[in-house]
Structure formats: C-alpha cells, structure tokens
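**Student:** Show me the folded form of this:
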Amino acid sequence: MRVLFIATQYPYPKDNGKKIILASMLEYFIHKYGSKNVEYILVGNEKGEEKPKIKVKQFIGSNNMNKVKNILIYSGLLQKKSIQESVLYSNLIAKDIKQYINQSNFDIVIYDTIRVSQMFEKEKNNNTREFVYLDDLFSVRYANMLRVMKEFPGMKINTLGNFAKQLPNVAQKLVSFELINKLLLKFEKKIIYKREIYTARNFKNTLLISQNEVEVLKERANVSTIKSIRPIVSGEEIKYSRDFKGNPSFIFLGALNIPHNNVSITYFIKNNIETLIEKIPDVKLLIVGKNADQELIKLSKNYKDNIKIMGYVEDLDKLFNEACAMIIPLLFGSGVKLKTIEALSRGLPVISTDFGVEGIDLPNKGEYIKENDLNKYAYHMKQLCDEQVNLEMSRLAYDFYVRNYSKEAVFAQYEKVFEEK
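**Tutor:** I've put the predicted structure just below:
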C-alpha cells in the first residue's frame, strides 16, 4: 500500500494542534506500511524544520497577485470559495500534483482540509481512496467568534490566526480593523458552511477531530461517511510520573496567535488575577505557547511575581509533572483541544470550560473539573493545591488517557478508519 499526504504544513516540529494530527496519521502509516511507502506533498512556502522521515515534495504557492485575483473572482464575484481557499487555489499546482499522483499509483491520499481538497474535487480516481481531514468545523468556529464579539464588545480577536501569513501584508492590515474583521468572519462563516457540506457529500471519506462535530456535519450534509480521528500526543508510552509537592503553579497551554487562546487567557487574567492572588498569594501562572501579543506581555509584567510567559516549551514532562493543574478558561472554540489531552496524558488535573473538553468523551466522574464560571476558578485552584485531592484526580485523568488516547488505543481506531472499505 502506498500513501500520500497533501498539506499546507509540514508536521514537524509538532508545535500546534494541526501538526499533531497530521503527524499522528503519518506515524500510523509509516508504522503500518514502512517509510518507503509514505510520501508527503507540501503546498506553499513553509519549510519543514526537521529532517524528513519520508520523501517530501514541495509545490510553491501562488504569488500575491494571484492570491488577490483569486479572492476577487472566486470569493468576491462568484462567491464559490471561502477566502482561505481562494488564497491557496492554483490550477497549475493542482495539475502538477494530479500528474504526480497518476504516475505514482497511490492507494490512499489524504488532503489537509478544504484548502487542499478543493483542487481535487472535480476529478475522481476510482483506484485511490481519498480522505479529507477537515480539522475543525470552521463554520462553528467562526460562529463562536461572532458570539464572543457580541458578548464582549471591544475585545480584540485575531480572526485569521495561523492563516494570516498566507495573506498579502496589505490584507493583514485591513483585517485588523474591527468592522472589516467582523464582516470577514460573517462572509467566511456563510461560505465555509456550504463548502463543508459540499465536501462531505463529494468525498467518500471526511475526517474531523471532534465526534460532536461529526454528528453536526452528518446532520447538515445528510451523509454517514464522516468519522472522527483521535490524536497521538506522544509517540512513546507515557508512564505515570507525577511529582506534585503542593507547589501552586498552574499552566495555560496553547499557541497565542490562535484567537480562542489569546482572547481567553487575556480576559481571564484581567478579570480574575486579583482574586486569585488574594486566595493563593504565591500562585504562579505559567503561560506556555508561542506568539504572545503586546497586550498579554504588558499584562504579565504588571504581575511579574505571579505570571510568566514561557513561550514554546519543547519538553513538557517536567513542567507538567510538578505543576498543580492546567487551567483552560476558553470563552469560545471548536474541535478537540489537544492541550486537554496533553494534560490527561501526564495525569495533570484540568479545570476547564465546556469549550476545553469538547469532543473528548470524559465521563466527568472526577477526571477533571468542569467550570464555565471563570470567577470560580480561584476556588477550584486552591482546592487542587491539596496533595491528596490532586493525586485522586490525577490518577483518574491518567487512566482515562491510557484507555482512550494512548498510542495503542489510537492506532486501533485508525485501523478501523483507514482500513475499512
């Protein structure tokens, strides 16, 4: 069996949620069929930062002139594609990749979201099994952003997130204006809603990370071929090794150029840090993730004894093993939050809103604390400083992870998803 990935990101280093999922699938196929039978096509200008384990072929993306032309025609005039699709679309790239696929006789091809699958939706190869990994339902994500904008007027939300680097500089500056930002979200939500339905109907196999969103898209598209796929947060077996000694350090984890992460942690600090310090005077909030903006940096400097922005941390084990808990005070979001699974994998207790545990089938029998009222976080954080209380939740969290998200458990799920015809 020969397998091909076509994506806009190379999955290593695994420093964001999309890369973790792509790497999980990639590692499964390498394990199953060997590295010689798995290839990767990278669409765009991004370079892989590690020596690839497999053959990687790159197709450079469109220049800025073509991006603008595509947006004006496909998104503006015809309204057939979302802006994120128009920016990546290229007839020439599609033609070259199709020719490469036909020459190489791949049995399985995996497309990284609609941005890639759009170029292959008209022509079907009956000898190839195609899978579209949709990531999250972007229509749901954008609806949540619009809700938060309405509930919290004046709150700055970077709607583009990681996608911003695909746009010309002029477009990035325009989107920084609140009105344009909101109009863009409404437009993208409307178009991507239709495109998600079309993709689910047009391709025989579509994948989402959240089982909740699988059910949503099944109902919208009236198809049954949509499946969920779990991530592997570690390629090695993670042994339980908690070393919590009552130290009141709490972790927030997530890329800070992703809107739901940046907005939520900034809001949490502004509205709850004083109460938190009052209840736990020596509390430490460790913010782990790249691309903190100036507002968050300035805010943390006002509480330098209690807040530390750590940036990207490659090895989380020591940090997680010694910390008291992870807080996930998300105000919005979509799909499964991999940070939650990262915490569970180390037995790190979690306090989270519904958005932080969405798509993870937690029984809520002591494995974590669900709390949607951010004003109550300080109370729960103080409770978890008790070593015995912490240990009990820690054990339940780790046991849940082993049963559902260990490498062995996830590979068993992949066997069903990719091997059943």
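**Student:** For residue 325, give its distance to residue 337.
**Tutor:** Separation of residue 325 from residue 337 (CB to CB, to the nearest Å) stands at 15 Å. Where C-beta positions appear, they are placed from N, C-alpha and C, glycine not excepted.
**Student:** can you check residue 298 too?
**Tutor:** Between residue 298 and residue 337 the computed distance is 26 Å (CB to CB).
**Student:** Who has more neighbours out of the two?
**Tutor:** Neighbour tally, residue 298 and residue 337, criterion other CB atoms under 10 Å: the higher count belongs to residue 337, 27 against 9.
**Student:** Give the burial count for the nearest residue to the more buried one once chain neighbours are set aside, as a bare number.
**Tutor:** Nearest residue to residue 337 in three dimensions, chain neighbours excluded: residue 356, at 5.2 Å (CB to CB, 6 or more residues apart in numbering). Neighbour count of residue 356, defined by other CB under 10 Å: 27.
**Student:** Check residue 16 too.
**Tutor:** Residue 16: 20 surrounding residues under other CB under 10 Å.
**Student:** quick one: the residue nearest to residue 234 when sequence neighbours are not counted from residue 1, how far?
**Tutor:** Excluding the flanking residues, the one nearest residue 234 by CB to CB, 6+ apart is residue 345, at 6.3 Å. Going from residue 345 to residue 1 by CB to CB gives 30 Å.
**Student:** cool, residue 376 as well?
**Tutor:** Remark: distance between residue 376 and residue 1 (CB to CB) = 51 Å.
**Student:** now residue 81
**Tutor:** As for residue 81, its distance to residue 1 is 32 Å (criterion: CB to CB).
**Student:** Now do the SS call for residue 308.
**Tutor:** Classification of residue 308 using DSSP: H, G, I helix; E, B strand; the rest coil returns strand.
**Student:** Read off the pLDDT value for the closest residue to it other than its chain neighbours.
**Tutor:** Excluding its sequence neighbours, the residue lying closest to residue 308 (CB to CB, 6+ apart) is residue 286, at 5.4 Å. On pLDDT, residue 286 comes in at 98.
**Student:** show me what contacts residue 143?
**Tutor:** Contacts for residue 143 (CB atoms under 8 Å, 6 or more residues apart in numbering) come out as residue 189.
**Student:** right, I mislabeled it, should have said residue 111
**Tutor:** Per CB under 8 Å, 6+ apart, neighbours of residue 111: 6, 7, 117, 120, 130, 131, 132, 133.
**Student:** So for residue 105, what's the nearest residue that isn't a sequence neighbour?
**Tutor:** residue 2 (6.5 Å).
**Student:** What is the neighbour count of that neighbour?
**Tutor:** By the criterion of other CB under 10 Å, residue 2 has 16 neighbours.
**Student:** Which pLDDT value does the model give it?
**Tutor:** In the prediction, the pLDDT value recorded for residue 2 is 94.
**Student:** what's the spacing between it and residue 100?
**Tutor:** Counting by CB to CB, the gap from residue 2 to residue 100 is 12 Å.
**Student:** For the stretch 1-150 of the chain, just list every one of the strands.
**Tutor:** For the stretch 1-150 of the chain, strands defined by DSSP state E, counting those that start in this stretch occupy the ranges 3-7, 38-43, 55-59, 108-112, 129-133.
**Student:** Isn't residue 300 up against residue 294?
**Tutor:** No: contact status for residue 300 versus residue 294: not in contact, 10.8 Å apart, counting by CB atoms under 8 Å.
**Student:** Comparing the two, which residue is more hemmed in?
**Tutor:** Legend: neighbour count by other CB under 10 Å for residue 300 and residue 294, higher for residue 300 (20 against 7).
**Student:** Would you double-check that that one falls in a helix?
**Tutor:** Yes: according to three-state DSSP, residue 300 belongs to a helix.
**Student:** For the closest residue in space to it that isn't next to it in sequence, which residues count as its bridge partners?
**Tutor:** Of all residues not flanking residue 300 in the chain, residue 307 sits nearest, at 4.2 Å (CB to CB, 6+ apart). With DSSP bridges as the criterion, residue 307 is bridged to residue 285.
**Student:** Now do residue 307 against residue 81, distance only.
**Tutor:** Residue 307 sits 42 Å away from residue 81, taking CB to CB as the criterion.
**Student:** how many neighbours does residue 22 have?
**Tutor:** Neighbours of residue 22 (other CB under 10 Å): 24.
**Student:** Without its sequence neighbours, what residue ends up closest to it?
**Tutor:** Excluding the flanking residues, the one nearest residue 22 by CB to CB, 6+ apart is residue 11, at 4.0 Å.
**Student:** Please look at the one you found and residue 23 and confirm they touch.
**Tutor:** Yes: counting by CB under 8 Å, residue 23 is a contact partner of residue 11 at 3.9 Å.
**Student:** Comparing the two, which residue is more hemmed in?
**Tutor:** Higher neighbour count among residue 11 and residue 23: residue 11, with 25 against 19, using other CB under 10 Å.
**Student:** List the residues that contact that one.
**Tutor:** 19, 20, 22, 23, 26.
**Student:** Surely the third one touches residue 12?
**Tutor:** So that's residue 22. No: with contact defined as CB under 8 Å, residue 22 does not reach residue 12; the gap is 9.2 Å.
**Student:** the longest helix in the protein is where?
**Tutor:** Under DSSP state H, the helix in the chain containing the largest number of residues is helix 178-202.
**Student:** helices and strands around it, which ones?
**Tutor:** On a contact count with 3 or more CB pairs under 8 Å, 6 or more residues apart in numbering; DSSP states H and E, helix 178-202 meets helix 83-88, helix 113-117, helix 138-151, helix 169-175, helix 211-221.
**Student:** Now do the strands in the stretch 201-350 of the chain.
**Tutor:** Listed in chain order, the strands of the stretch 201-350 of the chain (DSSP E, counting those that start in this stretch) span 205-208, 226-228, 249-253, 284-288, 307-311, 325-328, 350-352.
**Student:** confidence score at the nearest residue to residue 138 once chain neighbours are set aside?
**Tutor:** Nearest non-adjacent residue to residue 138, counting by CB to CB, 6+ apart: residue 192, 4.7 Å away. pLDDT for residue 192: 96.
**Student:** State the number of residues packed around residue 192.
**Tutor:** By other CB under 10 Å, 23 other residues sit near residue 192.
**Student:** again with the one 3 residues further on
**Tutor:** Other residues near residue 195 number 24, with proximity taken as other CB under 10 Å.
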